[in-house]
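*Asks:* coords please:
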Amino acid sequence: MPIRYPDPPGYVPDVMTKVYRALEDAGLDEDEVHYAISEMQTEGVLFRDRNEPLDVCASCGEKKTKKEQ
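*Replies:* Now for the predicted structure:
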């Protein structure tokens, strides 16, 4: 298990840091974590916070609109 130092006061980890830490806590070493995240992204897994709005694009921040039929 890697040495994890406490986060500084007021630090809020981003989504990828949370995913990385969760995989490490599950027992994967650093190389396995990088490989697992890479494979998930290749397969189209999107990482986002639970409270992140679904009507805003995670990549560019633009508001999503419904396509007119």
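*Asks:* Near the closest residue to Cys57 other than its chain neighbours, how many other residues are there?
*Replies:* With Cβ to Cβ, 6 or more residues apart in numbering as the criterion, Cys57 has its nearest non-adjacent residue at 6.0 Å, and that residue is Lys64. For glycine as for every other residue, the C-beta is placed from the backbone atoms N, C-alpha and C. Neighbour count of Lys64, defined by other Cβ atoms under 10 Å: 10.
*Asks:* what packs against the worst-scoring helix or strand of the chain on mean pLDDT?
*Replies:* Here the helix or strand of the chain ranked lowest by mean pLDDT, DSSP states H and E is helix 15-25, holding a mean of 89. Secondary-structure packing of helix 15-25 (3 or more Cβ pairs under 8 Å, 6 or more residues apart in numbering; DSSP states H and E): helix 30-42.
*Asks:* which residues of this protein score low on pLDDT?
*Replies:* Scanning the chain with the threshold set as pLDDT under 70 gives 1-3, 52-53, 58-59, 66-69.
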